[in-house]
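**Student:** structure here, sequence nowhere to be found:
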Ligand code: SF4
């Protein structure tokens, strides 16, 4: 049964309460480029996005968001727009007068909840005045010193951080709040969300949850990471809105999100059967490879993620074609890696890119994957910007991070080692760095 939550109103969209689970995405355009952002918003609307987020790192971006919103509304498009704010309470205040919803990251809104209390209360008051919803978007990679010192970068630290800020909302009697607990690690994301739900219940809070695995990358691996974690929680009744984060055109995120919801509606959770350690599935037929990936992620992913099973074997037909043993092994390897049961391939952490990305991140990720596919056990992050990227690279061995227009900085662990080189030279430099380290 779905968890009972407060309805939160973001323009025409209701999140939580009795409302259906919504699917959202984020533009990867420069918000100040109103024409291209508008074009991408329209593409997302046509793909079925229930809500669209745009990056608003400064006041200029907030002003551009206002123009984008006015142009959409003039065309009769009421899809709610969300302003994504990091670091600046002043920008959040400005965004609250324009956007239907503002997302803040409590890890970088203020050094801690006490120091941020005044500016956060101002933000809540302004949101109340303008009918703007708020998301407290906790990110595993940017918890802030207070939570890190107390709990480290753990699900407990994420829960602690979220609760600090949710308590201020509760004291201020502001209930138009959605909360998210994102990580690129599927188990951390699921554990943190479960802890948060328990902590909220203990304190009489019923804020809706936004679900997402951040920096999931692209292709099958990216889809599986998002789907296994989100399906695990949705099957427990947790989750009111979701975003599949992919380093791909954002409309692809909507298609995957909707496919997950469709699959879960058609395949409600079966009564709990205790499966053996390695589960053998009966042969099955699928209309496409994508539907097989969604079905495996949503039905088998939760069992693997919670370690109720340790392996899976299956046979499948896609259309008229029976999948070869090699194809099945490859798909199984991705599923086991997405659920963190077994690592047999390189692990890629990659953000979807946003208005802060000033190089071709989709192409770069493809190149990095192609050139490093043989490096089992290595973790490589491809991130769009130096502002949030390095903090959110988790435990990557190497980072390929945007450092200005067409420029990339390479990291060994958390240390920048090759600064702001042209994107065209970055892949060779990364390979050389890895070779020098004898990986
Ligand atoms: Fe945008 Fe990526 Fe930077 Fe996050 S890390 S702010 S998604 S470019």
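**Tutor:** It's in. Only a predicted model underlies this, so the values are computations on that prediction, with no experimental measurement involved.

**Student:** which residue packs closest to the closest residue to the ligand within the stretch 101-250 of the chain, ignoring adjacent ones?
**Tutor:** Across the stretch 101-250 of the chain, no residue is closer to the ligand than residue 215, which sits at 7.6 Å (Cβ to the nearest ligand atom). (Glycine included, C-beta is placed from N, CA and C.) In this structure, residue 215 finds its nearest non-sequential neighbour in residue 184, 4.1 Å apart by Cβ to Cβ, 6 or more residues apart in numbering.

**Student:** quick one: contacts for that neighbour?
**Tutor:** Contacts for residue 184 (Cβ atoms under 8 Å, 6 or more residues apart in numbering) come out as 140, 141, 213, 214, 215, 216, 225, 349, 392, 394.

**Student:** mark which of these are part of strands, please.
**Tutor:** Judged by DSSP state E, strands contain the following of the contacts of residue 184: residue 349.

**Student:** may I ask which of the contacts of residue 184 comes out lowest in pLDDT?
**Tutor:** In terms of pLDDT, the lowest of these is residue 394, showing 75.

**Student:** how far away is the residue nearest to that residue when sequence neighbours are not counted from residue 74?
**Tutor:** Using Cβ to Cβ, 6+ apart and skipping residues adjacent in sequence, the residue nearest residue 394 is residue 184, 5.3 Å away. Between residue 184 and residue 74 the computed distance is 38 Å (Cβ to Cβ, to the nearest Å).

**Student:** and residue 115, how many neighbours does it have?
**Tutor:** Here the number of neighbours of residue 115 (other Cβ atoms under 10 Å) works out to 12.

**Student:** one step back: isn't the residue of the stretch 101-250 of the chain closest to the ligand right next to residue 225, touching?
**Tutor:** No. Assessed by Cβ atoms under 8 Å, residue 215 is found out of contact with residue 225, at 9.0 Å.

**Student:** next, the residue of the stretch 101-250 of the chain closest to the ligand: phi, psi?
**Tutor:** For residue 215, the backbone dihedrals (degrees, to the nearest 10) come out as phi 50, psi 40.

**Student:** ok, it - contacts?
**Tutor:** Contacts of residue 215 by Cβ under 8 Å, 6+ apart are 141, 184, 245, 349, 350, 351, 381, 383, 392, 393, 394.

**Student:** now swap in residue 72 and tell me
**Tutor:** 38, 41, 42, 45, 78, 79, 81.

**Student:** now do the SS call for it.
**Tutor:** helix (DSSP: H, G, I helix; E, B strand; the rest coil).

**Student:** confidence score at it?
**Tutor:** 98.

**Student:** do residue 399 as well
**Tutor:** 96.

**Student:** the helix or strand harbouring it: partners in the sheet, and parallel or antiparallel?
**Tutor:** For residue 399, the enclosing helix or strand under DSSP states H and E is strand 398-402. Paired neighbours of strand 398-402 in the sheet (DSSP bridges): strand 379-383 (parallel), strand 407-412 (antiparallel).

**Student:** so how far is residue 72 from the residue in the chain that the ligand sits nearest to?
**Tutor:** Nearest residue of the chain to the ligand, counting by Cβ to the nearest ligand atom: residue 384, 2.5 Å away. To residue 72, residue 384 is 25 Å away according to Cβ to Cβ.

**Student:** residue contacts, the residue nearest to residue 19 when sequence neighbours are not counted?
**Tutor:** Spatial nearest neighbour of residue 19, chain neighbours left out: residue 7 (6.5 Å); criterion: Cβ to Cβ, 6+ apart. Applying Cβ under 8 Å, 6+ apart, we find residue 7 in contact with 14, 15, 16, 17, 18, 19, 208.
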